[in-house]
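Asks: Next come a sequence and a model predicted from it.
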2 protein chains.
Amino acid sequence: MIAEILSTGDEICLGTVIDSNSAHIALSLDEIGIRVTRHNCVGDDMGELAEILSEIGSRADIAVITGGLGPTIDDLSAAAAAKAVGVDLQLDHDAVKSIESYFAKFSRKMSRSDVKQAMLPVGASPILNTAGTAPGFIFKIGRCRCYFLPGVPREMEKMISQSVVPDILIFQGKPPDDISLRKELSVFGLPEALVDEKLTGFESLFPNVKLGMLARFPVITVKMTGTGKDRVRLADEIEKAVNWSAEKLGDKVFSKDGRSMEGEIAFILYKNKATVGVAESCTGGLISHLLTNVAGSSDYFLFSGVTYSNDAKQTVLGVSEETLQAYGAVSEETVKEMAEGARRVSGATFGLATSGIAGPSGGTVEKPVGTVCIGISTKDTTVAYTFNSPFKERLSNKQIFAICALDLLRKQLLIKDNK
Amino acid sequence: MIAEILSTGDEICLGTVIDSNSAHIALSLDEIGIRVTRHNCVGDDMGELAEILSEIGSRADIAVITGGLGPTIDDLSAAAAAKAVGVDLQLDHDAVKSIESYFAKFSRKMSRSDVKQAMLPVGASPILNTAGTAPGFIFKIGRCRCYFLPGVPREMEKMISQSVVPDILIFQGKPPDDISLRKELSVFGLPEALVDEKLTGFESLFPNVKLGMLARFPVITVKMTGTGKDRVRLADEIEKAVNWSAEKLGDKVFSKDGRSMEGEIAFILYKNKATVGVAESCTGGLISHLLTNVAGSSDYFLFSGVTYSNDAKQTVLGVSEETLQAYGAVSEETVKEMAEGARRVSGATFGLATSGIAGPSGGTVEKPVGTVCIGISTKDTTVAYTFNSPFKERLSNKQIFAICALDLLRKQLLIKDNK
């Protein structure tokens, strides 16, 4: 089954709007086992539109086309579809009813220009739009079953789930032959090239599993997609592939379920009924922001003191002036006292603290931009580590520092966990 | 001149990543007078890649291709380009130097797999990448001059402005006749459709200025691009267009220079030698994270207490137990005490506080998900406001709450500013 997506509209083609519709459509089709092979986009131009629709009609089995169904003169999709096949447009009475019933909700009547939206190519069948005025339609071009939908994300998304997906399932007449299983490993602390190198030999060991990698700085997701006909054998092969890869990548793997770092921390803290208090200097609130992105985080995240000034480090966290003067704000001694302060102030099981130089300025010869000290305080002990990021850029460093700190906390939690 | 864009990568084709590169490239080309006619996207598949490159080679005069230049096995762009033309790959020594000089910055050496990135099709010329390891390259396929760039936005954007645009201008044989000037308004607090409605009539008043809109939740950037031959007249028309639009949009415009909200706050605080202390509940560190993304923020950002628990609100910020019991954590009374506490603890000129219900759960009939109270404390007074976001989703609410709080601080700062 070859599936394609076509986005239409000058605003997307010229770049003033980022196309998020195509990603939504691709994910929705992937969920029912259909892999999209190609995305296309053209502007509001009759020639371009008719041409690309003909091409898609000769290449694909199904296609989802968004945009160009509205009432204005630059809405050309229905006319272009008719032109690609060589038929006329005609008023579709079901489409008229769809528009009328939408307006009725707001006690409004159709205007003359709205009627244009019910002019469909001869042979098309309308798709109801309950969230807006422009109906969609299903229309065969060449060998391809084409679903024309409005470009407004809210309307398009509803129509995908309510009409397009059910129609495709009926059209297929049966579930897809191949079963598709997916697993993800989350990795931190290795560059993409090295992850790839460490997984050399994967293809020959696991011939039915496709290996992919997605770098979302500073985390790399290793994706394994298995395709086959025998679910049990496939699940077994993918399980072995996951374990083999996890062994090769060692403690750089922080989740075998594709969790985010903050999701993994949430999982472990929750399981252990543990809580955390944070003290952030160079990460500037990013650790707290990440932790609180997880719903339910108020169960284990109690407090973070974003102490940018030395004054705040002393007043809020109780870091001693002597330590700050003797070792400086970016030192293992200072982050230890910050971590202890965060734990004491919040009453949490764990205290986590960062102090470093995110850049672009502020570095010295001994402590260059990219230096970060991380402290962790528990009931029994307080430890600190120093790391160096190769980056000179502020945002990259904040991100790498935050994930690095959370990864240390994760490792500390696993030690507690194993006791 | 026919121009196309091709994005490559399973993550985009399958929809797990939204393609924002293509919009950036289309806008960059539009600036030098080149309209992109088509966007294309295929996954990491050698057959698909080679086929679409051949098609583009027969259709377009120039094309920008992103992704697939890295060191891993699913990086196939160079091999697919070679296949489309029927040539081999060979080690390019300038490309090796580009990779080596990037690694030298971090005192690291190339690994074996990094060398793959210097294997270019015979006849290609490399494009330097100063922000990452994978060099790009220029390669003729059919009649089309193709620019292959990495998919990492930061790297790709640099290479577009530093190498691709200059090369296209040389390739065209002359600088474009038309001058292009651009201005941006940053808008918060209006939906896109309403911004559009308020600017009705723009086209007829300013015929040489093209209006565009870019929604990056929750901020909308109104883009105005003027094209013409007379720089002085064009600058005058675009200036008038900016002022006319700013008047129509009123105090929803927070920057006439396209600044981010945190950039605008930084600008005003810095100009006024003022400082800020923050107390965050529902925003969970996001306000601090945004403020500290600006380089030099330690000059005006002193402290943020991310007080998720009521205990921390009392211990760190001095919120009274009576207030918490009588009015609850999400109340104007509580955020006032939080804002005063943040100002007192940090010694800052301004105190800013948030408390609300980001969701997805935790709402009540009186205080549904989306409710946020924001407090601002100055030397003279403390005020509080309540807002309701229509969203039920945690991350959207954190973002809208944070920008809303910063916008109130901005308005407060402008009052002080005018005194």
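Replies: The structure has been received and is ready for your questions.

Asks: Those residues of the stretch 301-419 of chain A touching chain B, which are they?
Replies: A:301-309, A:311-312, A:315-316, A:345-347, A:359-361, A:390, A:394-395, A:398 (C-beta under 8 Å from any C-beta of the partner chain). C-betas here are computed from N, CA, C, even on glycine.

Asks: Cross the residues you listed against helices and list the overlap.
Replies: The members of those that map onto helices under DSSP state H are A:311-312, A:315-316, A:345-346, A:394-395, A:398.

Asks: ok, now which ones touch residue A:342?
Replies: Residue A:342 makes contact with A:277-279, A:303-305, A:317, A:348, A:351-353, A:377 under the criterion C-beta atoms under 8 Å, 6 or more residues apart in numbering or on different chains.

Asks: Mark which of those are buried, thanks.
Replies: The neighbour-count test (16 or more other C-beta atoms under 10 Å in any protein chain shown) marks A:277-279, A:303-305, A:317, A:348, A:351-353, A:377 as buried among the contacts of residue A:342.

Asks: who does whichever strand or helix holds residue A:270 touch, helix- and strand-wise?
Replies: Residue A:270 belongs to helix A:261-271 when elements are defined using DSSP states H and E. Contact analysis of helix A:261-271 by 3 or more C-beta pairs under 8 Å, 6 or more residues apart in numbering or on different chains; DSSP states H and E lists strand A:179-188, strand A:253-255, helix A:286-291, helix A:394-418 as its packing neighbours.

Asks: list the buried ones in the last one?
Replies: By that I understand helix A:394-418. Using 16+ other C-beta under 10 Å as the burial criterion, the residues of helix A:394-418 that qualify are A:394-410, A:412-413.

Asks: how about the residues of the stretch 151-300 of chain A that lie near chain B?
Replies: Contacts of the stretch 151-300 of chain A with chain B, taken as C-beta under 8 Å from any C-beta, map to A:192-197, A:203, A:211-215, A:278, A:280, A:284-289, A:291-293, A:295, A:297-298.

Asks: from the ones in helices among the residues of the stretch 301-419 of chain A next to chain B, which is closest to chain B?
Replies: Nearest to chain B among these: residue A:312, at 3.9 Å, using C-beta to the nearest C-beta.

Asks: Can you pull the domain assignment for chain A?
Replies: Chain A resolves into domains spanning A:3-172, A:179-255, A:261-418 when parsed by automatic domain parsing.

Asks: how far out from the middle of the chain is the helix holding residue A:270?
Replies: The gap between the average C-alpha position of helix A:261-271 and the chain average comes to 19 Å, counting by C-alpha atoms, centre = their mean, to the nearest Å.

Asks: For it, list every residue counted as buried.
Replies: Those buried within helix A:261-271 under the rule 16+ other C-beta under 10 Å are A:261-269.

Asks: for stretch A:124-137, same thing?
Replies: Neighbour counts using 16+ other C-beta under 10 Å place A:124, A:126-129, A:132-137 of stretch A:124-137 among the buried residues.

Asks: Next: stretch A:303-313.
Replies: Taking 16+ other C-beta under 10 Å as the criterion, stretch A:303-313 shows A:303-310, A:312-313 as buried.

Asks: swap in stretch A:37-54?
Replies: When burial is assessed from 16+ other C-beta under 10 Å, stretch A:37-54 yields the following buried residues: A:37-45, A:48-54.
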